[in-house]
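Colleague: Sequence first, then the predicted structure:
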Amino acid sequence: MALQLFLKGLILGFAIAAPVGPIGVLCIRRSLADGQLSGFATGLGAATADALYGCVAAFGLTAVSGFLVKQQFWLGLIGGIFLCYLGMRTFFAKARSNEENQKASGLLGAYLSTFFLTITNPMTILSFVAVFAGLGLGTSSEYKLASILVCGVFIGSALWWLLLSGGAALLRSRVGDTFMAVVNRVSGIVIFALGLYSLASVARPGR
């Protein structure tokens, strides 16, 4: 039972992380510019937020999930503004990072930025609740089993980011500064556009 829950959580975490969105773009761009460690730290921030929302779903914390859904306008607004900020910052970033980006402060910044982006998307918790129900997982009243499930979600999500950052980092030595500058511009535009889309979504009438 415990192993089955862990494997289901692993698959779930991997599947939820896999679709390429703004965080995927950031992970690829940072892996190319700063190296795999920076790209993985970027993904790990999202994996941590996924695990946190997985806890809410697995432990049946309906009060918490209900509060987050009620605040989705403000969370979406903050997340959209932050996405626009990251898009502009990425657009004007240097083609290559300096050595300081590999220091703990740079890695922590990469981690916290994507943790914040993921945690400000309350739809993630609804995704977990829906998928848990679809898989027949429901919410567990046993803390041990719920913890095993959440660990699987975190490791599955982290595994995806490890693969994505590793794959992008393999191309780093073949990417010149000119191409990297183009990557920065394109990534910045994509992230900024996604931020505008997020802002437009929260401003839509009826929300």
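Modeller: Structure's in. What do you need? Numbering: from 1, shown residues only.

Colleague: ok, now which ones touch the residue sitting nearest the centre point of the chain?
Modeller: Taking CA atoms, centre = their mean as the criterion, residue 46 is the residue nearest the geometric centre of the chain, at 3.0 Å. By CB atoms under 8 Å, 6 or more residues apart in numbering, the contact set of residue 46 is 17, 23, 114-115, 117-118, 157, 161. For glycine as for every other residue, the C-beta is placed from the backbone atoms N, C-alpha and C.

Colleague: On the three-state scheme, it is what?
Modeller: Recorded secondary structure, residue 46: helix (DSSP: H, G, I helix; E, B strand; the rest coil).

Colleague: State the distance from it to residue 106.
Modeller: As judged by CB to CB, to the nearest Å, residue 46 and residue 106 stand 17 Å apart.

Colleague: Kindly report the same for residue 54.
Modeller: Where residue 106 is concerned, residue 54 sits at a distance of 27 Å (CB to CB).

Colleague: Also residue 8?
Modeller: Between residue 8 and residue 106 the distance, using CB to CB, works out to 35 Å.

Colleague: need the contact list for residue 116.
Modeller: 45, 79, 82.

Colleague: Looking at the contacts of residue 46, spot the one nearest residue 67.
Modeller: Lowest distance from residue 67 to the contacts of residue 46 (CB to CB) belongs to residue 118, with 17.1 Å.

Colleague: Tell me which residues of whatever helix or strand that closest one lives in come out buried.
Modeller: Taking DSSP states H and E as the criterion, residue 118 maps to helix 104-119. Of the residues in helix 104-119, 106-107, 110-111, 113-115, 117-119 count as buried by neighbour count, 16 or more other CB atoms under 10 Å.

Colleague: Pipe the residues you listed into TSV and attach pLDDT per row.
Modeller: Output for these, formatted as TSV (pLDDT from 0 to 100):
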residue	pLDDT
106	81
107	87
110	91
111	94
113	91
114	92
115	93
117	88
118	86
119	86
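
Colleague: Residue 90: which of those residues is nearest?
Modeller: The nearest member of the buried residues of helix 104-119 to residue 90, counting by CB to CB, is residue 113 at 10.7 Å.

Colleague: Report pLDDT for residue 72.
Modeller: According to the prediction, residue 72 has pLDDT 74.

Colleague: Give me the phi and psi angles of it.
Modeller: Main-chain torsions, residue 72, degrees, to the nearest 10: phi -70, psi -30.
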